[in-house]
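>>> no sequence on this one, just coordinates:
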């Protein structure tokens, strides 16, 4: 157990990861989306970000950690922190295909972006051997349709693959949940604004035991306690399923039907690094897990035996970050001792 995790309440199962985000369990194999650490192509102001192809998917199985998908676009600060790239990973419920979602950007990218980065940004990809073919262009749909009417802005952040031909994507900046069938994108739902008029920002989507889709929101513009989990039934308006949360970035259901909610920060108003997992049992009872041991967590997955895995320090590369980050803080995946 690394000192970077704070105490003995967690066990490190994957170490020295680059900005680890969404998690997926396929049997006993754990997949980790790593947003990467940027790269050598640095754009001038006002962008001031560096682009490379360091984003990957790591597989953890039988104590072995290896990168099984490589060469995906990564955009980060010069120090490799706060990267965007492959921010989620999903194994298809039927068919077993491996899908990743690549964070997008403006409808018109600035000059100097490498052609391969342009090919990947804002896209849903499927890993096939060493290839990463584009399944769907999520950002292009937002730029052409602007479903929430607030102006085109795209940041696809989460994917749940129902099958090799059918996926559901959350576009955080577009405030939309999108259906992808055989590569064709259509609107499933628009997430309403917060009561103060700011965007809810859907960051995560999964399917529940009842067949409905569940969406978690960041809602940083509305402050602490303003994030929700929404329940979406196709053809019906989204409904709030759980409220009173803060900065939700991922969701997972456990074997008993409990919903596990990953809070990136428990005090988004001060951007505190302290995060948590909130377990919501089917009867509505809440339990907070990982307090004092999770720092900017970015993803959660729960095994068939109820083991809870969390990506920790999700905004740091494998080598850690500059001050004021602790010297041993770096991207990891931990298992909570519940």
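Here it is on my side, so go on. Predicted model only: the values in this text are computed from it and were never measured.
>>> any idea how far residue 89 is from residue 201?
As judged by CB to CB, to the nearest Å, residue 201 and residue 89 stand 20 Å apart. (Each C-beta comes from the backbone N, C-alpha and C, glycine too.)
>>> what about the closest residue to residue 175 other than its chain neighbours, how many neighbours?
Nearest in space to residue 175, with sequence neighbours left out and distances taken as CB to CB, 6 or more residues apart in numbering, is residue 148 at 4.4 Å. By the criterion of other CB atoms under 10 Å, residue 148 has 21 neighbours.
>>> helix or strand for residue 148, which one?
Assigned by DSSP states H and E, residue 148 belongs to neither a helix nor a strand.
>>> what sits against it?
By CB atoms under 8 Å, 6 or more residues apart in numbering, the contact list for residue 148 reads 174-176, 190-191, 199.
>>> list the contacts of residue 322.
Residue 322 neighbours (CB under 8 Å, 6+ apart): 79, 81.
>>> roughly how far apart are residue 134 and residue 100?
Distance from residue 134 to residue 100, by CB to CB: 11 Å.
>>> check residue 262 too.
Residue 262 sits at a distance of 18 Å from residue 100 (criterion: CB to CB).
>>> do the same with residue 303
21 Å.
>>> these two: who's more crowded?
Higher neighbour count among residue 303 and residue 100: residue 100, with 29 against 16, using other CB under 10 Å.
>>> low-confidence ranges, the stretch 201-338 of the chain, go.
Along the stretch 201-338 of the chain, no part satisfies pLDDT under 70.
>>> strands of that one, residue ranges please.
Here the stretch 201-338 of the chain has its strands, by DSSP state E, counting those that start in this stretch, at 202-207, 213-217, 227-232, 239-245, 248-253, 259-263, 276-280, 286-289, 299-302, 308-312, 331-336.
>>> to residue 33, which of those strands lies closest?
Relative to residue 33, the nearest member of those by CB to CB is strand 299-302, separated by 7.3 Å.
>>> other SSEs contacting that closest one?
Secondary-structure packing of strand 299-302 (3 or more CB pairs under 8 Å, 6 or more residues apart in numbering; DSSP states H and E): strand 20-26, strand 29-34, strand 248-253, strand 259-263, strand 308-312.
>>> in its sheet, what does it sit against?
Each strand paired with strand 299-302, and its direction, by DSSP bridges: strand 308-312 (antiparallel).
>>> between the strand it pairs with and strand 331-336, how big is the angle?
150 degrees (axes from the mean of the first three to the mean of the last three CA atoms, to 10 degrees).
>>> so what touches strand 308-312?
4-5, 10, 13, 17, 20-23, 25, 30, 32, 254, 260, 262, 277, 289-290, 294-303, 331-336, 338.
>>> again, only this time at 7 Å
The contact list for strand 308-312, computed with CB atoms under 7 Å, 6 or more residues apart in numbering, reads 5, 13, 20-21, 23, 30, 32, 260, 262, 277, 289-290, 294-295, 297-302, 332-336, 338.
>>> repeat for stretch 209-219
Here stretch 209-219 has contacts from 168, 170, 172, 177, 191, 194, 200-208, 226-233, 241, 247-251, 253, 257, 261, using CB under 7 Å, 6+ apart.
>>> mind checking which of the contacts of residue 148 are in strands?
176, 190 (DSSP state E).
>>> can you pick the most crowded of the contacts of residue 148?
Top of those by neighbour count (other CB under 10 Å): residue 174, with 32 neighbours.
>>> I'd like to know how many residues surround the nearest residue to residue 166 once chain neighbours are set aside.
What sits nearest to residue 166 in space, not counting adjacent residues and going by CB to CB, 6+ apart, is residue 181, at 5.4 Å. Neighbours of residue 181 under the rule other CB under 10 Å: 13.
>>> then residue 54?
26.
>>> with residue 184 instead?
If you count neighbours by other CB under 10 Å, residue 184 ends up with 9.
>>> and if you look at residue 304?
10.
>>> ok, it to residue 28 distance?
9 Å.
>>> again, but for residue 257
21 Å.
>>> again with residue 173
35 Å.
>>> which one's more surrounded, these two?
More crowded of residue 173 and residue 28, by other CB under 10 Å: residue 173, with 23 against 11.
>>> all set now, cheers.
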